[in-house]
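A.B. asks: Next input, structure requested:
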Amino acid sequence: MVLEKWITPFKRQCFVVAGVSLNMSQLGMVFGYAAILVPQLRKPDSLIPIDEASESWVAALPGFALVLGNLVVPPVMAKFGRRIANIISIVIVLTGWISITLSTGLTLLLIGRFLQGLSVGMGSCLIPIMIGEYTSSTRRGQFSMCMSVIMGLGTLAVHTVGSYYSWKITALVCSTITFFDLIIVILSPESPSWLAAQGRYDECRRVFRLLRTIDEEEELDKMLAKSKELEDAKIIRTGFVVKVKGGFSYINKTITRKEFYKPIFIMVHLFAMGQWAGINVLAPFTVNVIEIIVGKDVNIPLITVAIDIQRIISSLFAVYIIKRIKRRTMLFSTLGLNAAVIFVTAAYVYFKSRGQLPFDHPMIGITLILIHMLSVATGSLPLPYTIAGEIFPLEYRSLSSGISAVFCSINIFVSIKTLPYLFKTIGMHGAYCLYGVILVYCLTIAWFFLPETKDRTLQDIENEFRGKMTYPEDLKSAEPLTVWKSNEEKA
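C.D. replies: Residues are numbered from 1 along each chain as shown. Below you'll find the model as predicted:
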């Protein structure tokens, strides 16, 4: 009895989010790992010698595999549940880390990097949804921001260990962290929203009441009522031709519904904004950035760790202010700062490379990098994932998240893969100007289309996109994709 009083719904939410966030930390570890892996492989006495082409693939291959992970996870989490999909994701990335630890040649190393990207692709699609479904609306923003903190800790861990130990030891440390994450997720419950969508109402009530307080019973009632209406609206279709015609009709109705295409349109731009804001420069190419902006005559490992620590502090600050500031206000203020510092850095690097600065000092470059990381850690990195867990409607949540995450992964891969080429052709200043233009464009789209989501229930946000409350006549055309497979099995 005493134990039950001590283990409150909030603490249960913290436990569940810990497992989810540790999986999201793989994004920081996997892409941060390239910053210590590639320089060590370049050394003449390297166990695995690499050339310029293979070096590019070692850094960018996880970004390529992300797309496949995005495509795989929606049907998995719709059919088997969020928890099982998360476990699969963790097992895959654990296999990737072990493969890298045991690798003695380039092939096994690249297989490990591919598996890492596949897992991160699954997680980037799955985890925002899980946080949105597991947590209370009043704490959802703070829990989502914790992902940024954990990602920063992941990057700090690989950069710190990798600065003093070999890339194999670093991979072993990451494997240990991943194993503990697997244990937490195995002990976590399934998502109440998914249980309701499967018609497992008693189990849904039990899990919801474990995770939420009595004040949130109204949200449970609304979720169950909608799930039951959807179940009642199902029509068992027989005959192959009827099913095919019905399927095309469903797809046609789905893609024209505002609550389906508007959130996807918004998230495509928010994810693009997040990936071109500079995180894919600062994390995997930290050494290159420091050498160009600050110079080579500095303690690069120390500055690298300092940047990672500052990223974590900034993320913790974001966790604090997300509770007090509206999403739109925070997005436009932090991304406005992000765009400004990118253009200023581009100008600084341009004039520095030509020796036209009236005064220069390493602290100027370091300050620009730290301000850039502040804007990234508080805005462009965590906010797209926070909003992604809030704006997708229940009927299409798996599909919508998967589509948006594919575009996110494409942006990650393209930004990482093209960075060395851009630096060589148009220079860092040119690349940063390009990033700034993309950022301003995406911010403009967000200004006109993104609604405020702070402290609102997921159903309330869905209703705003729908433009009206949920009516019974809408239910038939709003059936999830899983209904068709279920009806086919019944037939």
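A.B. asks: tell me the contacts of S166?
C.D. replies: Under the criterion of Cβ atoms under 8 Å, 6 or more residues apart in numbering, the neighbours of S166 are Q40. All C-beta atoms are positioned from the backbone trio N, CA, C, and that covers glycine.
A.B. asks: can you check Q275 too?
C.D. replies: C408, N411, I412, S415.
A.B. asks: roughly how far apart are the residue positioned nearest the centre of the chain and R324?
C.D. replies: The chain has S124 as the residue nearest its centroid, 3.8 Å off, counting by Cα atoms, centre = their mean. S124 is 27 Å from R324, where distance means Cβ to Cβ, to the nearest Å.
A.B. asks: ok, the residue nearest to W447 when sequence neighbours are not counted to R354 distance?
C.D. replies: Closest residue in space to W447, ignoring its immediate chain neighbours: F332 at 7.0 Å, by Cβ to Cβ, 6 or more residues apart in numbering. Taking Cβ to Cβ as the measure, F332 falls 34 Å from R354.
A.B. asks: Compare these two (neighbour count), which wins?
C.D. replies: F332 (16 against 8; other Cβ atoms under 10 Å).
A.B. asks: what's the helix or strand for the more buried one?
C.D. replies: Here F332, judged by DSSP states H and E, is contained in helix 327-353.
A.B. asks: I'd like to know which elements the helix or strand just after that helix is packed against.
C.D. replies: Next helix or strand after helix 327-353 toward the C-terminus (DSSP H and E): helix 362-375. Contacts defined by 3 or more Cβ pairs under 8 Å, 6 or more residues apart in numbering; DSSP states H and E place helix 362-375 against helix 280-282, helix 286-293, helix 300-321, helix 327-353.
A.B. asks: in helix 362-375, what counts as buried?
C.D. replies: Buried positions in helix 362-375, judged by neighbour count with 16 or more other Cβ atoms under 10 Å: G365, I366, L368, I369, L370, I371, H372, M373, L374, S375.
A.B. asks: likewise stretch 69-79?
C.D. replies: For stretch 69-79, by 16+ other Cβ under 10 Å, it's G69, N70, L71, V72, V73, P74, P75, V76, M77, A78.
A.B. asks: So for the last one, what's the nearest residue that isn't a sequence neighbour?
C.D. replies: Counting by Cβ to Cβ, 6+ apart, S398 is the residue found nearest to A78 once chain neighbours are left out, at 4.2 Å.
A.B. asks: okay, now that neighbour: neighbour count?
C.D. replies: When neighbours are counted by other Cβ under 10 Å, S398 comes out with 27.
A.B. asks: I'd guessed it sits against M77; true?
C.D. replies: Yes. If you go by Cβ atoms under 8 Å, S398 and M77 touch, sitting 5.6 Å apart.
A.B. asks: Name the residues contacting each of these two.
C.D. replies: I129.
A.B. asks: the inter-axis angle of the host helix or strand of Q142 versus helix 327-353?
C.D. replies: Applying DSSP H and E as the criterion places Q142 in helix 140-164. Relative orientation of helix 140-164 with respect to helix 327-353: 30 degrees, computed using axes from the mean of the first three to the mean of the last three Cα atoms, to 10 degrees.
A.B. asks: Which other helices and strands does helix 140-164 contact?
C.D. replies: Helix 140-164 packs on helix 9-42, helix 106-134, helix 167-186, helix 300-321, helix 382-391, going by 3+ Cβ pairs under 8 Å, 6+ apart.
A.B. asks: Next, format those helices as JSON lines and append mean pLDDT.
C.D. replies: Output for the helices and strands packed on helix 140-164, formatted as JSON lines (pLDDT from 0 to 100):
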{"stretch": "helix 9-42", "mean pLDDT": "86"}
{"stretch": "helix 106-134", "mean pLDDT": "88"}
{"stretch": "helix 167-186", "mean pLDDT": "94"}
{"stretch": "helix 300-321", "mean pLDDT": "85"}
{"stretch": "helix 382-391", "mean pLDDT": "83"}
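A.B. asks: With respect to R456, which of the ones you listed lies nearest?
C.D. replies: R456 lies closest to helix 382-391 among the helices and strands packed on helix 140-164, at 7.7 Å (Cβ to Cβ).
A.B. asks: Next, report how far that closest one is displaced from the centre of its chain.
C.D. replies: 9 Å (Cα atoms, centre = their mean, to the nearest Å).
A.B. asks: what residues does it touch?
C.D. replies: 24, 124, 127-133, 140-141, 144-145, 147-148, 263, 266-267, 270-271, 273-274, 315, 318, 322, 327, 330-331, 334, 401, 404, 408, 450-451, 453, 456, 458, 461, 465.
A.B. asks: so who does L337 touch?
C.D. replies: I371, L374, S375, G379.
A.B. asks: Same question for V268.
C.D. replies: V268 neighbours (Cβ under 8 Å, 6+ apart): S404, F407.
A.B. asks: Was I right to think R311 contacts H159?
C.D. replies: No. Applying Cβ under 8 Å as the test, R311 and H159 come out as separate, 10.3 Å apart.
A.B. asks: quick one: which of those two has more around it?
C.D. replies: Higher neighbour count among R311 and H159: R311, with 28 against 24, using other Cβ under 10 Å.
A.B. asks: What separation is there between the more buried one and S136?
C.D. replies: 27 Å.
A.B. asks: about what we covered before: could you name the helices and strands sitting against the helix or strand hosting the residue nearest to A78?
C.D. replies: Per DSSP H and E: S398 is located in helix 397-425. Packing partners of helix 397-425 (3+ Cβ pairs under 8 Å, 6+ apart): helix 52-79, helix 106-134, helix 258-274, helix 280-282, helix 382-391, helix 427-449.
A.B. asks: can you redo the ones you listed as TSV with distance to I90?
C.D. replies: Formatted as TSV, the helices and strands packed on helix 397-425 follow (distance: least, Cβ to Cβ, whole Å):
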stretch	distance to I90
helix 52-79	12
helix 106-134	7
helix 258-274	22
helix 280-282	23
helix 382-391	18
helix 427-449	31
